[in-house]
Each structure stands twice: as C-alpha cells, then as structure tokens.
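K.L.:
Here is a sequence together with a model predicted from it:
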Amino acid sequence: MRSLALVLAIAAIACGGEMTASAPPRGLRLLHTFGAREADLLSGALASWPDPVSTSLVPFARGQTVIGALLRAGTDCPDLIRIDATWLPGLARAGLLVPAPKEALAVDWLPEARSLAEDRGTTWAVPQTVDGLMIVLGPAASGIDGAPPPTIDALIELATHTHAKWGLGLRVDGYWVVPFLRAAGADVADGSTGELGIDRAEARVAIARFARLFGTIAAPAPAPGQEATDEARRFRAGEIAMLVTGPWALADAGELDALRVWPLPEAPRGGHLFVVPKCAADAPRAWKLALHLAEPEVQLAWARAIGTVPTTRAALDEAPRVVKEAYAALVGARPLPREPVTALLFDDLTPAVAAVVAGDATADEALAGVERAWRRLLSGGGS
C-alpha cells in the first residue's frame, strides 16, 4: 500500500504541481495543576476540542516556582497554563503573560471571577473557578440549624456543642489561619502597603488560639501529606460536624446533595485561572481553548461532578444547590492582597503554624521568624 505522502506527491505531479497537502494543525500544549478527578474531567472537556492538545501536570506545591522558571527561560513553553490566582500578579508584572483578548472581556463572568483575572487594570486570564474557605456541614451536623455563625468566636462556641466527636475540621496550614488572624485584628502581609500584619500581639494570640483547637474542639492534626485524606475520612464517618475547607474538597466530603455550606467569618477568597504565556507558540488558539474550557456546559459538568464553583452566571444558574451555597458563602469572603509576594507568604507561615500546633515552638517564637522572613520579602530580599 502506498503511503499517504506518496499518493499526494503523485497527485501533485499529475496536476502539474498545483495540488499540495495541508499540514495538520500543531497541537496545543496545556500545563496544569489539576488533581486526579479534575484531570479526568479535563480529558472529557478536551474531547470536544477539534485539535490535539497535550497536557502536562506540575504539582500544585511547586507550581509557582516551576512555571515562573519555565516562562523566564522562554523555551519549551506551553501555550496555556492553569494557575492559582495568587500567582497572576507576579507573572503579569514580570512581563511573562499575554493580555486576554476582547472575546474574553465580553463573557458574563461573575464579579468575583472577573476581579481574579485582573491586575492593575488589565485582564490577563480566563477565570476557571472561584474558591476560598467556607464551612461544610454534613450528616453529623444534622442538629445544627439557624443562621451561620457571624464571627470566629461564635463558630468556636457552636463547635463546642455539637454531638460529633469533633466540632471542627481544620488544616495545619497558613491559609486556614487567615480567618483567625483577621478576627483578632491581624492579617497576612500586604505588599502594596508594606504592612506585615503579624507583627503585633493580636497575631500571636490568634496563632496560639488556633493551635489549641487541635485535639480539643478540632480533630487532631494528621501526618503531613495526609490532610485531605484524613479530613475526608473523618467527615464522611461523622466524626467531624463542620469542616473548614474549600469547594475543591466537596467531592471527597460526601454526596453533594447531602452537604450544606455556610460562610466562614473572615475567610479568604481565591480561585484558578487560565493564562497564556508570552512565549506561547500559538496564543490566539490558546485563548480559544481557554474560553472553550470556561463555557457554561463545561463548567456545569464540573460543578455537578465535583462541586467546583463556576465563573460564569449562566453556569452558576444551573449548578447544584450546594454549589450555589458555596458561591454565596464566598461572595462575602475577602481576597488576599493582590501582590506578587502574597503566594510566597505561606512558605514561612505554614511551617511556623505547624511548629506551634506540634508544641515545638511558642507563637512568639514562631512568628518572630515569620516576621523576619516577611520583612525580607517586602523589601525585595526574598524570592
């Protein structure tokens, strides 16, 4: 059997050289930080895309560092990248991204999603999800009714009177500490103002209080790396009444129809975005792919399957009840500072919190180190 190339060559000669074979479109390259469930849904969404797309995973914990280095090198560059919203200011201000086209500006994005995609007045991304911390109630919280707790104090008081083994499920993570810092009158550092946020007595009180919850009102901290698995197991078993987590954990928490969501006082809000790097080989088609992955049909399929919060009004209107509750909970949440240093703050805060929870350091000792590290970051002495 003759090869296709030979057949085309013979045909071209027979037609006086006028017939040529068109090259197949170059496949797009998508770099992402999705977990296993999300990656499966991504494959399904890509099945309706007409051209080939090769996908690669970078672990979320290393994503900001790896993606920044890759884009600065400018070689072997992906066409489209899924990033955490806190990474956007650093990538955009370093000149590593392409601004979003007018087609992306015309979409009916939810206000919270649109703001995540912007930096300094320019839209740089297609928003993929809205997330943040909230309170998830399962079957073990069947006796908890009424209005959501308006303050962290009220949440802790409510958690002491549940019938479950543990009133709360928390993670030993700097992100989970943010509501406690804010409730005490402190916060994380703000690169736009130079405020440290944790260089005051209120921050030390908040960290110490957070640490004391574990093993008393909150379930004991699991081994590092087992947080998601352990909290999901305890919550499904009814050992935890109220789980402090984000939409990313709803599918592991149980059947979506059996869950309720409340706002978490002083919660941070964030999300994920699709961005196109300046070094992309085919930026126009990459933006078309990003918009395809944000179409209401695609977002609704994800919302129904795993509980992710859509970024368009059309998808949210058709989403399951618990997803709408999650969005309503996140509307009142407050984003972290939109500055390049923000995502780096937790590299110092999380281990400091872990040391206090483990009893290896006092809040004063742990935050003294965080304060020194954050001062270096804000002065440009860290990376």
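P.N.:
Everything's here; your move.

K.L.:
hmm, who's touching stretch 139-148?
P.N.:
135, 137, 158, 162-164, 235, 238-242, 254, 258, 260, 262-263 (CB atoms under 8 Å, 6 or more residues apart in numbering). C-beta coordinates here come from the backbone N, C-alpha and C atoms, glycine included.

K.L.:
buried set for that stretch?
P.N.:
Ala140, Ala141, Ile144, Pro148 (16 or more other CB atoms under 10 Å).

K.L.:
Also stretch 351-367?
P.N.:
Pro351, Ala352, Val353, Ala354, Ala355, Val356, Val357, Ala361, Ala363, Ala366, Leu367.

K.L.:
Would you reformat these as CSV and include distance to Gly121, secondary structure and pLDDT?
P.N.:
Output for the buried residues of stretch 351-367, formatted as CSV (distance: CB to CB, whole Å; DSSP: H, G, I helix; E, B strand; the rest coil; pLDDT from 0 to 100):
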residue, distance to Gly121, secondary structure, pLDDT
Pro351, 36, helix, 97
Ala352, 35, helix, 98
Val353, 35, helix, 98
Ala354, 38, helix, 97
Ala355, 40, helix, 97
Val356, 40, helix, 98
Val357, 41, helix, 97
Ala361, 42, coil, 98
Ala363, 39, helix, 98
Ala366, 38, helix, 98
Leu367, 35, helix, 98
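
K.L.:
which phi and psi does Leu137 have?
P.N.:
phi -110, psi 130 (degrees, to the nearest 10).

K.L.:
For burial, what's the neighbour tally of the nearest residue to Glu239 once chain neighbours are set aside?
P.N.:
In space, and not counting its chain neighbours, Glu239 is closest to Lys165: 4.4 Å by CB to CB, 6 or more residues apart in numbering. Per other CB atoms under 10 Å, the neighbour tally for Lys165 reads 13.

K.L.:
Am I right that Lys165 is in contact with Phe235?
P.N.:
No: counting by CB atoms under 8 Å, Lys165 does not reach Phe235; the two are 11.0 Å apart.

K.L.:
so who does the residue nearest to Glu239 touch?
P.N.:
Here Lys165 is in contact with Ala219, Glu239, Ile240 (criterion: CB under 8 Å, 6+ apart).

K.L.:
Glu371 now?
P.N.:
Leu196, Ile198, Asp199.

K.L.:
Next, report how far stretch 372-381 is displaced from the centre of its chain.
P.N.:
25 Å (CA atoms, centre = their mean, to the nearest Å).

K.L.:
per-residue confidence averaged over it?
P.N.:
Stretch 372-381 carries an average pLDDT of 92.

K.L.:
Can you point out the buried residues in it?
P.N.:
Buried residues in stretch 372-381 (16+ other CB under 10 Å): Ala373, Trp374, Leu377, Leu378.

K.L.:
Tell me which entries of the residues you listed lie within helices.
P.N.:
Ala373, Trp374, Leu377, Leu378 (DSSP state H).

K.L.:
Nearest residue to the third one in space, please, no chain neighbours.
P.N.:
Using CB to CB, 6+ apart and skipping the chain neighbours, the partner closest in space to Leu377 is Val341 (4.8 Å).

K.L.:
wait, the one you found sits on Ser192?
P.N.:
No: at 9.7 Å, Val341 does not count as touching Ser192 under the criterion of CB under 8 Å.

K.L.:
Looking at these two, which is more packed in?
P.N.:
It is Val341, of Val341 and Ser192, that has more neighbours when counted by other CB under 10 Å, with 21 against 11.

K.L.:
can you tell me which residues contact the more buried one?
P.N.:
By CB under 8 Å, 6+ apart, Val341 lies in contact with Gly90, Ala189, Gly191, Leu377, Leu378, Gly382.

K.L.:
Do you have the helices of the stretch 1-150 of the chain handy? List them.
P.N.:
4-14, 36-46, 60-73, 88-93, 102-105, 111-116 (DSSP state H, counting those that start in this stretch).

K.L.:
Give me the contact list for the fifth one.
P.N.:
What that stands for is helix 102-105. Contacts for helix 102-105 (CB under 8 Å, 6+ apart): Ala117, Thr123, Val126, Trp287, Ala290, Leu291.

K.L.:
residues near the first one, how many?
P.N.:
Neighbours of Ala117 under the rule other CB under 10 Å: 24.

K.L.:
Repeat that for the third one.
P.N.:
The tally of other residues near Val126 (other CB under 10 Å) stands at 28.

K.L.:
I'd like the distance between it and Pro179.
P.N.:
Val126 sits 29 Å away from Pro179, taking CB to CB, to the nearest Å as the criterion.

K.L.:
Setting the sequence-adjacent residues aside, check what's closest to His161.
P.N.:
Counting by CB to CB, 6+ apart, the nearest residue to His161 once its immediate chain neighbours are dropped is Gly167, at 7.5 Å.

K.L.:
nope, Ala45 is what I meant
P.N.:
That would be Val298: by CB to CB, 6+ apart, it lies 4.8 Å from Ala45.

K.L.:
what about Val177, helix or strand, and which?
P.N.:
helix 174-184 (DSSP states H and E).
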